[in-house]
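Student: predicted coordinates and the sequence they were generated for:
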Amino acid sequence: MEHVVIIGNGISGVTAARHIRKLSDKKITLVSAESDFFFSRTALMYIYMGHMSFENTKPYEDWFWKKNRINLKKGFVNQINTSSKTLHFSDGDTITYDKLIIATGSKPNKFGWPGQDLNGVQGLYSKQDLENLEVYAPDNKTCKRAVIVGGGLIGVELAEMLHSRDIPVTFLVRESSFWNGVLPKGESAMINREIQRNGIDLRLSSSLKEILSDDKGKVKAIVIKETNEEIPCDFVGLTAGVTPNISFLKNSGIQINKGVLVNRYLETNMTDVYAIGDCAEQRDPIGNRKTIEAVWYTGRMMGETIAQTICGNRIPYKPGHWFNSAKFFDIEYQTYGWVHGKKGKPDYEQHFHWIHKDDNKCITIAYHKDTQIFLGINTFGVRLRHDICDKWLTEKRTTDYVVQHLKQANFDPEFYTHYESDIQKAYQNTFQTIES
Amino acid sequence: MSIAKPDAYKNSTRQKALIATGIIGLFVLVLSLFNFESFSALTLTASLTLIVVSICGFAADRYLSKPAGIKNNGVWFKSISSKGFYGWLTGLVLTLFYIVLYFYPHFLGLGGKGKANSGLVAFFDPLSQLLNGNPASQWFVYGTLYTIAILAFGYKFLLKYRHNRYERLRTYSVMFFQLAFAFLIPEFMARLNSDSFSLPYYDLKNIWPLNYYNFEQYRVDSFISAGDIGLALLIFGVVSIFVITPILTYKYGKRWYCSWVCGCGGLAETAGDPFRHLSDKRQMAWKIERWVIHSVLVFVVLMTTAVIHSYLGDDTSTYWLTKGTFLIMVTGFLSLIFILTMVFKRHELGKDARYGAIGYVVIITALIGMHYFSGSNLFLFEAETLRSTYGFLIGAIFSGVIGTGFYPIFGSRVWCRFGCPMAAILGFQQRLFSRFRITTNGGQCISCGNCSTYCEMGIDVRAYAQKGENIVRSSCVGCGICSAVCPRGVLKLENNSIKGRINPNEILLGNDVDLMDLVNQK
């Protein structure tokens, strides 16, 4: 019986394992050094905030794996021999595979800052990161101030987490406005205000120069590059993005760049070795997508795709229209299609922006300036239906059509106030002004 | 993972003072058991006011100081809401209270048999006199405290979910139905009673079979002897379960009752809200739930049939509804439901559900058959034995002691989930014949599990959401909290056309369409 070994029990690896089991009777082994059972790392923040217990973050009960004949192996792979198809574990153990799927995910970026490996300096990605956070920032007596470096989605989550325990937070964002590489100006500005409304000391255009140590090897302060200001703190969160967690692949013969290089079939240069999820790097970008996509959804899709290929139906990874979501304190965010911020915005892309006077809801619709074709939509504080937005993108609807039919896409709970007519009015005003 | 309780979740001095206020109010109630002469209507008012001020003040301090939004911070760290010392203590005290209330009301000071009340019950006499003109009973005391709990904790819930209009409207609704229908209207109706005219205590929204005693002989006699009004109420009781309930459940799902109207649901949604995450999410619990709740339903149907059968006559010339006619009607009705379900909805039932349904039908038919052919008691036992057993086991122990007493241990909906026969009927219909569902938003789920954690009915919402499948479950009471706590806007409670309501396919959007076709090939 063919033995499929998957390194990594995150969403990508687990999805692959489940779908291979659905499609076949192959022997499946799921390897992880992080946790005994699959848990959702998206929920780590809720454990720290006390919304959920660790048990609550496990999507499948512990009996699920045995019942579905998915072997779980706890261990850290430190070497792969692709010619003998053998995995070597740090404890000396070995296993052999017929097909290998690498799904080892990411680790937080460290850009060579002085002091980046001190105690009390960490990212927020793994279960171990959460355990360390409990050591260095359990309350506002142990941690009198925390500094977060890097204005992205994890940074704002970490700020919310620390804030929930009344720990004062300074948030360093290198850009002039929060996440403005990705978010258009109006949205980014609204999120700046939301972060400040929640009592976070937001420092824009501020980057990290160095992290200072006390005499016990623990962080005691950081210095801001632009101002040389020194901020005393007991914890530093590094949230300037993630990078593929693949250092164990060096010298394995598997071709790597930043991530494990794969073709559209998620195959590496070695036969019978595949890579999926955060750690996979496409040789050529797919559409507007980045070559490395560290997103929950893409990990899941790659897991489903690779299961088909492994089970004899070789198919390429073909993600559909881009979508994503997040939450910034109390403001939910959804995006469908492409709405660019400062980074990589094509010349033809134009935006229509609407913001509610309460400063906690806004939308941006991106369209082609010549054809008026709908390219994408960002919403804050308003929920939209995925299937309707997806359909509009496929059907290449015009912005006029989208604005007129926006109500169809509304996914807010019943009895919520609707803003479609406000939005439509604002839209008409904008375009009348332009035409006249 | 060991996570210590952080200081951020300790109560502030003001919050401690507010809690102390409530404890003083409760303490006065306890003191009243010792029959202090000086306790008056004013003392009662003061005591109840302290309790209300405590709850509302605490809620305002807790929630109004923070921006509106989901604030479940520290739920798993606080002793009261994470099965810690205070959780167990509260559970124990509530359980003892229920045992005394149901089985030893004289400890509370119930006089009975012409004797005057004393203690706690007498303490409530002035309020009872004011509302219905009679001395209080233990049920009046309980009803008052129950109503206060729904109103005060309802206010807390309103503040906690002040950003969510669905939750607000729903809470106004349960507060209204408790105050008006369960508490005030029956008390005022009691005022109309005289020597020549008497209506039984009737909470109009408390529908059979939740109100399992509605068709007992003393009540039916009383309805009939009260003339047109009584007859109208009796007919309303029948119509509410056989006509009104199916129509509303078809249109809106069982939520119209369970989380908008019902008193048990009302308490669970308000006072029980801090415990909703304690519901058992294991698949095993779901399996047990389905057998237990449907067995209670069968029990209440048998019991009610036996009771009504016992007081009907045999002579068609006296009254058209005789024992025989009644049994034929019951058998006919049950057979009709069974046949229609098996013909039209067979494919929607799991294997165990089909076996269960067949099993129950065989048992009921066999019992009725035995009664005809051997003349034994209907359903083997005396109607009275069935009635008192049901009242003891289900009415008191299950719905009261376990259902509410164990809030801080098993979560707030134990009765609604495992025991309530009304929920079983509504759920049966919701699963098979209703426009209600929770729609999953394409591929947006990140499997975080907030929805499952905060589902008071123990539904593993995430299991559906992460597959892109709509949630159509008998037990869902439509509280809407899964949708509220979802950080990614994945869930929406909706009433829509029956077609496409259940989508067993994986339709995770964002994927390539061809791949989704492949994934769905079974």
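Tutor: In hand now; what should we look at?
Student: nearest spatial neighbour of the residue of chain A found nearest chain B, skipping sequence neighbours?
Tutor: Of all residues in chain A, residue A:386 sits closest to chain B, with a separation of 2.7 Å (C-beta to the nearest C-beta). C-beta: built from backbone N, CA, C; applies to glycine. Distances taken as C-beta to C-beta, 6 or more residues apart in numbering or on different chains place residue B:442 nearest to residue A:386, at 2.7 Å, with adjacent residues excluded.
Student: helix/strand/coil for the one you found?
Tutor: coil (DSSP: H, G, I helix; E, B strand; the rest coil).
Student: for it, phi and psi?
Tutor: phi 50, psi -120 (degrees, to the nearest 10).
Student: correct me if wrong: it contacts residue A:385.
Tutor: Yes - the criterion here is C-beta atoms under 8 Å, and residue B:442 meets it with residue A:385 at 7.4 Å.
Student: who has more neighbours, those two?
Tutor: residue B:442 (24 against 21; other C-beta atoms under 10 Å in any protein chain shown).
Student: what helices or strands is the host helix or strand of residue B:257 leaning on?
Tutor: Assigned by DSSP states H and E, residue B:257 belongs to helix B:255-258. Secondary structure elements in contact with helix B:255-258, counted by 3 or more C-beta pairs under 8 Å, 6 or more residues apart in numbering or on different chains; DSSP states H and E, are helix B:245-252, helix B:421-432.
Student: from residue B:361, how far out is the closest residue to residue B:352 other than its chain neighbours?
Tutor: Setting aside the residues directly before and after it, residue B:352 is nearest to residue B:290 in space (C-beta to C-beta, 6+ apart), at 7.6 Å. Note on residue B:290: its distance to residue B:361, by C-beta to C-beta, to the nearest Å, is 16 Å.
Student: now residue A:399
Tutor: 59 Å.
Student: show me which of these two is the more surrounded one.
Tutor: Set side by side, residue A:399 and residue B:361 show more neighbours around residue A:399, with 22 against 17, by other C-beta under 10 Å.
Student: ok, which stretches of the stretch 51-200 of chain A are strands?
Tutor: A:70-74, A:77-81, A:86-89, A:94-96, A:99-102, A:106-108, A:121-122, A:146-149, A:169-172 (DSSP state E, counting those that start in this stretch).
Student: now for residue 44: which residues touch it?
Tutor: You didn't say which chain, so I picked chain A. A:57, A:124, A:127, A:129, A:130 (C-beta atoms under 8 Å, 6 or more residues apart in numbering or on different chains).
Student: should've been chain B
Tutor: Contacts of residue B:44 (C-beta under 8 Å, 6+ apart): B:123, B:124, B:126, B:127.
Student: equivalent analysis for residue B:404, please.
Tutor: Residue B:404 touches B:94, B:98, B:267, B:272, B:415, counting by C-beta under 8 Å, 6+ apart.
Student: need the max-distance pair from these.
Tutor: Spatially, the most separated pair among those is B:98 and B:272, at 14.3 Å (C-beta to C-beta).
Student: which strand or helix spans the closest residue to chain A within the stretch 51-200 of chain B?
Tutor: Closest approach between the stretch 51-200 of chain B and chain A, counting by C-beta to the nearest C-beta: residue B:69, at 3.2 Å. Under the criterion DSSP H and E, no helix or strand holds residue B:69.
Student: filter the contacts of residue A:44 by proximity to chain B?
Tutor: Applying C-beta under 8 Å from any C-beta of the partner chain, the subset of the contacts of residue A:44 adjacent to chain B comprises A:57, A:127, A:130.
Student: test my guess that the second one contacts residue A:34.
Tutor: Which is residue A:127. Yes - taking contacts as C-beta under 8 Å, residue A:127 lies within contact range of residue A:34: 5.5 Å.
Student: related to what we said a few turns ago, in JSON lines, list the ones next to chain B among the contacts of residue A:44 along with neighbour count and distance to residue A:329.
Tutor: As requested, these are arranged in JSON lines below (neighbours: other C-beta atoms under 10 Å in any protein chain shown; distance: C-beta to C-beta, whole Å):
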{"residue": "A:57", "neighbour count": "27", "distance to residue A:329": "21"}
{"residue": "A:127", "neighbour count": "17", "distance to residue A:329": "24"}
{"residue": "A:130", "neighbour count": "20", "distance to residue A:329": "20"}
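Student: of the residues you listed, which belong to helices?
Tutor: Among the ones next to chain B among the contacts of residue A:44, the ones falling in helices (DSSP state H) are A:127, A:130.
Student: out of the ones next to chain B among the contacts of residue A:44, flag the one nearest to residue B:262.
Tutor: Nearest member of these to residue B:262, counting by C-beta to C-beta, is residue A:57, at 32.1 Å.
Student: and the closest one, what does it touch?
Tutor: A:39, A:40, A:43, A:44, A:46, A:47, B:448, B:449.
Student: of those residues, grab the buried ones for ChimeraX.
Tutor: Restricted to buried positions by 16 or more other C-beta atoms under 10 Å in any protein chain shown, the ChimeraX selection for these reads:
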select /A:39,40,43,44,46,47 /B:448,449
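Student: so which of the contacts of residue A:57 sit within helices?
Tutor: Short answer: the contacts of residue A:57 in helices (DSSP H) are A:44, A:46, A:47.
Student: kindly identify which of the contacts of residue B:404 also come near chain A.
Tutor: Within the contacts of residue B:404, nothing lies near chain A by C-beta under 8 Å from any C-beta.
Student: what about the residues you listed, which are in helices?
Tutor: Among the contacts of residue B:404, the members that lie in helices (by DSSP H) are B:94, B:98, B:267.
Student: now render these as CSV, adding pLDDT, distance to residue B:502 and neighbour count.
Tutor: CSV is the format used below for the ones in helices among the contacts of residue B:404 (pLDDT from 0 to 100; distance: C-beta to C-beta, whole Å; neighbours: other C-beta atoms under 10 Å in any protein chain shown):
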residue, pLDDT, distance to residue B:502, neighbour count
B:94, 94, 39, 18
B:98, 94, 39, 21
B:267, 97, 31, 24
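Student: pLDDT score assigned to the closest residue to chain A within chain B?
Tutor: Minimum separation of chain B from chain A (C-beta to the nearest C-beta) falls at residue B:442, amounting to 2.7 Å. At residue B:442, the pLDDT value in this model is 86.
Student: and the helix holding residue B:257, average pLDDT?
Tutor: On average, helix B:255-258 scores 97.
Student: now tell me which helix or strand of the chain has the poorest mean pLDDT.
Tutor: Just so you know, I chose chain A. helix A:420-435 (a mean of 84; mean pLDDT, DSSP states H and E).
Student: correction: the question concerned chain B.
Tutor: Quick look at chain B via mean pLDDT, DSSP H and E: least confident is helix B:513-519, a mean of 64.
Student: returning to that earlier point: how about the least confident helix or strand of chain A: buried residues?
Tutor: A:420, A:423, A:426, A:427.
Student: can you list the domains in chain A?
Tutor: A:3-107+A:243-310, A:121-240, A:323-435 (automatic domain parsing).
Student: so how far is the shortest one from its chain's centroid?
Tutor: Yep, that's domain A:323-435 we're talking about. Taking C-alpha atoms, centre = their mean, to the nearest Å, one finds the center of domain A:323-435 at 22 Å from the center of the full chain.
Student: list the contacts for residue A:332?
Tutor: Here residue A:332 is in contact with A:325, A:326, A:380, A:381, A:383, B:487, B:488, B:489 (C-beta under 8 Å, 6+ apart).
Student: enumerate the residues of the stretch 51-200 of chain B near chain A.
Tutor: So far as C-beta under 8 Å from any C-beta goes, the stretch 51-200 of chain B lies against chain A at B:67-70, B:72-78, B:163-166, B:169.
Student: can we see that at 7 Å?
Tutor: B:67-69, B:72-77, B:164-166, B:169 (C-beta under 7 Å from any C-beta of the partner chain).
Student: most neighbours among the residues you listed, which one is it?
Tutor: Neighbour-wise, these (other C-beta under 10 Å) top out at residue B:76, 26 neighbours.
Student: ok, it to residue A:154 distance?
Tutor: 22 Å.
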